[in-house]
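[1] Please work out how this folds:
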Amino acid sequence: MRRAEILRHPFPSEWREILARNVPAVAKLDAGERATLEDKVRIFLAEKNLEGCGGLELTDEMRVTIAAQACLLLLHLEGDTVFPTVESVLVYPSAYKAPQARRAGGIVLDDQARLGESHTRGAVVLAWDAVKRTARGGPKNLVLHEFAHALDQEDGVADGTPELPEAAMYRAWARVLGAEYEHLVAEMHAGHATSLDPYGAENAAEFFAVVTEAFFGRPAELRREHPALYEQLRAFYRQDPASRASPY
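    Numbering: from 1, shown residues only. Below is the predicted model of the structure:
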């Protein structure tokens with residue numbers, strides 16, 4: 001279905017009720033941003049294959065809740081692409097088990113429980129109970145985390161650096177995020193508590209996903225404690241959530 005045809009139909013009022021109930025971040029957007037988000041949600045749901053797994057039967061509540069959070073990342077990004085590397089979103093009712101790939105020894109079937117993952121090409125996998133729980137706001141958000149990975153992977157490499165809108169941005173991005181990542185790793189090794197999720201110390205890709213969660217979930221705190229990091233994310237996402245009337 002062509003996008004013009006998709007957008008010809010009005011955004012269902014039932015979907016707005018779902019957003020009001022499950023995704024409070026939408027209420028902080030201005031009218032123009034909400035209209036843009038609704039357009040992207042309709043495109044996302046028309047172009048992506050959302051599939052229930054593990055016996056889960058998908059409902060509009062699930063589909064719209066997931067799509068709205070994912071599309072929040074795209075709100076002011078240039079271009080009309082909607083996660084071009086994501087073909088399917090697989091949704092389990094709760095934590096699922098999947099084989100873990102290791103560099104040494106090939107594929108090891110160790111039934112690792114997961115709440116979500118994003119593959120370089122093809123699918124994003126989510127646990128619905130975690131999606132709904134983290135959509136309410138706060139430092140963790142499963143959908144934002146996994147779709148930040150999808151943005152990162154659009155250039156074919158999961159390295160914590162998405163495709164930036166201007167070539168001149170890469171040097172500052174590498175300098176600031178590299179230094180912030182190394183600082184988080186050092187703090188974790190020293191056993192210090194940090195305002196950033198310690199999972200971000202796993203690698204650069206996880207760091208980008210974690211700071212994206214913080215940017216949208218605790219923007220005022222991130223801007224106060226990590227101003228240079230906040231500025232890099234503000235320039236990339238072209239949003240300033242800390243300046244909105246009420247932080248997420």
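[2] which regions of the protein lie under the pLDDT threshold?
    Flagging of the chain using pLDDT under 70 yields the residue ranges 1, 98-111, 120, 245-248.
[3] Spell out which residues make up each domain of it.
    Domain assignment for the chain by automatic domain parsing gives 1-155, 159-248.
[4] Let me know how buried residue 21 is, in neighbour terms.
    12 (other C-beta atoms under 10 Å). No exception for glycine: its C-beta is placed from N, CA and C like everyone else's.
[5] And for residue 225?
    Using other C-beta under 10 Å, residue 225 has 14 neighbouring residues.
[6] Please report how far it lies from residue 190.
    When distance is defined by C-beta to C-beta, to the nearest Å, residue 225 is 17 Å away from residue 190.
[7] Quick test: name the residue nearest the centre of this protein.
    By C-alpha atoms, centre = their mean, the chain has its centre lying nearest to residue 144, at 2.1 Å.
[8] so it touches residue 68, yeah?
    No - Residue 144 is beyond contact range of residue 68, at 11.0 Å (criterion: C-beta atoms under 8 Å).
[9] can you list residues touching both of these two?
    Listed contacts common to residue 144 and residue 68 are nil; contacts here mean C-beta atoms under 8 Å, 6 or more residues apart in numbering.
[10] Measure how far the host helix or strand of residue 133 is from the centre of its chain, please.
    According to DSSP states H and E, residue 133 maps onto helix 128-134. In terms of C-alpha atoms, centre = their mean, to the nearest Å, the centre of helix 128-134 is found 13 Å from the chain centre.
[11] biggest helix in this protein by residues?
    If you go by DSSP state H, the chain has its longest helix at helix 169-189.
[12] Run through who's touching the helix or strand just after that one.
    For helix 169-189, the succeeding helix or strand toward the C-terminus, using DSSP H and E, is helix 204-217. The contact list for helix 204-217 (C-beta under 8 Å, 6+ apart) reads 25, 72-73, 137-141, 144-146, 148-149, 152, 158-162, 177-178, 180-181, 184, 195-197, 199-201, 221-222, 226, 229-230, 233-234, 237, 241, 248.
[13] just the buried members of those?
    By neighbour count, with 16 or more other C-beta atoms under 10 Å, the contacts of helix 204-217 hold 25, 72-73, 137, 140-141, 144-146, 148-149, 152, 158, 160-162, 177, 180-181, 184, 196-197, 199-201, 221-222, 226, 229-230, 233-234, 237, 241, 248 as buried.
[14] if I pick residue 231, what's in contact with it?
    So residue 231 contacts residue 176 (C-beta under 8 Å, 6+ apart).
[15] Tell me which stretches of this protein form helices.
    Using DSSP H, helices in the chain cover 3-8, 13-22, 31-47, 60-72, 128-134, 142-152, 169-189, 204-217, 219-225, 227-237.
[16] Could you tell me how far the shortest one lies from the centre of the chain?
    When C-alpha coordinates are averaged (C-alpha atoms, centre = their mean), helix 3-8 and its chain have centres 25 Å apart.
[17] Extract the CA atoms of that helix and return them as CSV.
    Extracted C-alpha coordinates of helix 3-8, given in CSV (Å, rounded to 0.1, in the frame of the first residue of the first chain):
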residue,chain,number,x,y,z
ARG,A,3,2.0,5.8,1.8
ALA,A,4,-0.4,8.4,0.4
GLU,A,5,-3.2,5.9,0.6
ILE,A,6,-2.1,4.9,4.2
LEU,A,7,-2.3,8.5,5.3
ARG,A,8,-5.6,9.3,3.5
